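>>> next one to model:
(one chain, ligands or ions: 1)
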Amino acid sequence: MKTEDLSKVRIAVLGKVNVGKSALTVRYLTRRFIGEYRSNADLLYRQTVTINNSPLEVEIIDVSGETRDSFPSDQICWADGCIIVYSLIDKESFDYAVSTLQNLQRHRAVNNVPVMLLANKLDLEHLRQVRQK
Ligand SMILES: Nc1nc2c(ncn2[C@@H]2O[C@H](COP(=O)(O)OP(=O)(O)OP(=O)(O)O)[C@@H](O)[C@H]2O)c(=O)[nH]1
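Model (predicted):
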């Protein structure tokens with residue numbers, strides 16, 4: 001988190017198309033799973049939560065996987081933290097997540113943000129393509 005602005009936290013959600021970035025984001029914000037979303041543009045969500053009796057504004061950018069043909073540097077510079085999502089039924093999405101993580105690590109020299117790797121679609125375990133070690 002940027003120390004000069006403790007009342008706001010900005011999170012970028014990254015990952016290959018169709019891994020469930022929008023579903024996860026909306027589920028976090030509304031506690032509901034909604035099946036289909038527009039996916040050809042980055043979407044910005046904003047919500048105020050209470051942490052330790054203080055309000056905290058959470059901004060989440062859901063970075064579109066569909067229109068992305070280059071590394072989303074602007075979104076990463078903007079963010080205080082990144083979540084890289086892959087789908088456990090899509091091996092390519094895991095490879096994409098690894099390459100995003102590597103790009104991020106290069107980027108972190110100028111922007112030292114915390115990063116979380118998140119496996120989605122756990123309910124589809126029977127279709128798993130990404131093996132557990
Ligand atoms: N079974 C299952 N389906 C999911 C889950 N999360 C998302 N989906 C489905 O996966 C598809 C893609 O979900 P989105 O949230 O649109 O994926 P996205 O990563 O935002 O896709 P882009 O915006 O196109 O990059 C939709 O049909 C969702 O209903 C999950 O946990 N389990």
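
>>> contacts, neighbours, all on C-alpha from now
Noted.

>>> what about the helices in the protein?
21-30, 73-78, 91-107 (DSSP state H).

>>> wait, which of those is closest to the ligand?
helix 21-30 (3.6 Å; CA to the nearest ligand atom).

>>> can you pull the pLDDT of the residue of the chain most remote from its centre?
The C-alpha centroid of the chain is most remote from Asn53, which lies 26.1 Å away (CA atoms, centre = their mean). pLDDT for Asn53: 90.

>>> next, it: phi, psi?
phi 70, psi 10 (degrees, to the nearest 10).

>>> out of the helices of the chain, which gets the lowest mean score?
helix 73-78 (a mean of 86).

>>> show me what that helix is packed up against.
strand 8-14 (3 or more CA pairs under 8 Å, 6 or more residues apart in numbering; DSSP states H and E).

>>> what pairs with the strand it packs on, and is each one parallel or antiparallel?
As defined by DSSP bridges, the strand partners of strand 8-14 come to strand 54-62 (parallel), strand 81-87 (parallel).

>>> pick the most buried one from those.
strand 81-87 (a mean of 23; mean count of other CA atoms under 10 Å).

>>> on that earlier part again, contacts only, for the residue farthest from the centre of the chain.
Counting by CA atoms under 8 Å, 6 or more residues apart in numbering, Asn53 touches no other residue.

>>> let's have the strands paired with strand 8-14 in JSON lines, adding distance to the ligand.
Converted to JSON lines, these look like this (distance: least, CA to the nearest ligand atom, whole Å):
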{"stretch": "strand 54-62", "distance to the ligand": "7"}
{"stretch": "strand 81-87", "distance to the ligand": "8"}
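
>>> let's have those strands in TSV, adding distance to Pro114.
Converted to TSV, the strands paired with strand 8-14 look like this (distance: least, CA to CA, whole Å):
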stretch	distance to Pro114
strand 54-62	14
strand 81-87	5
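
>>> what's the least confident stretch among those?
Looking at the strands paired with strand 8-14, the bottom one is strand 54-62 with a mean of 92.

>>> and that one, how far from the chain's centre?
When distances are taken as CA atoms, centre = their mean, to the nearest Å, strand 54-62 is centred 13 Å away from the chain's centroid.

>>> give me the angle between that strand and helix 21-30.
Comparing the axes of strand 54-62 and helix 21-30 via axes from the mean of the first three to the mean of the last three CA atoms, to 10 degrees yields an angle of 160 degrees.
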